[in-house]
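Q: Sequence unavailable; structure follows:
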């Protein structure tokens, strides 16, 4: 399920940036943008943010042995760096 949310996140933010930049270029250029570009840009932002939220929710946080191993590794690195 994480791959689906990651794919939707990429698709949503791609639509947002592509049409958002087209709107921005139209504002400073001579081309007039259509309202459909604005709708696609906002829908892409909404889809990208929602998919990102769902992706973060499905991704486990560090806990247990992995977190303890990381703390130990960082402590050993700092001790070796001090010399």
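A: Looks like it came in fine. Note that this is a predicted model, so its numbers are computed, not measured. Numbers count the residues shown, from 1 in each chain.

Q: host element of residue 17?
A: helix 2-28 (DSSP states H and E).

Q: Please tell me how far the following helix or strand past that helix is from the chain's geometric centre.
A: Following helix 2-28 in sequence order, the next helix or strand is helix 35-58 (DSSP H and E). Put simply, helix 35-58 sits 10 Å off its chain's centre (CA atoms, centre = their mean, to the nearest Å).

Q: what do you get for stretch 21-29?
A: That offset, for stretch 21-29, works out to 23 Å (CA atoms, centre = their mean).

Q: Tell me which residues of it come out buried.
A: 22-23 (16 or more other CB atoms under 10 Å). Any C-beta I mention is one placed from the backbone N, CA and C, and that applies to glycine too.

Q: So what touches that stretch?
A: Contact partners of stretch 21-29, identified using CB atoms under 8 Å, 6 or more residues apart in numbering, comprise 31-33, 37-38, 41.

Q: mind running it again at 6 Å?
A: Contact with stretch 21-29 is made by 33, 37, as judged by CB atoms under 6 Å, 6 or more residues apart in numbering.

Q: same check, this time on stretch 76-83
A: Counting by CB under 6 Å, 6+ apart, no residue sits against stretch 76-83.

Q: Tell me how far it lies from the chain's centre.
A: Taking mean C-alpha positions (CA atoms, centre = their mean), stretch 76-83 and its chain are 34 Å apart.

Q: And stretch 7-15, by the same measure?
A: Relative to its chain's centre, stretch 7-15 lies at 9 Å (CA atoms, centre = their mean).

Q: before we move on, back to that, give me the angle between the helix holding residue 17 and helix 35-58.
A: 150 degrees (axes from the mean of the first three to the mean of the last three CA atoms, to 10 degrees).

Q: Return the set of buried residues in helix 2-28.
A: Buried residues in helix 2-28 (16+ other CB under 10 Å): 5-6, 8-9, 12-13, 15-16, 19-20, 22-23.
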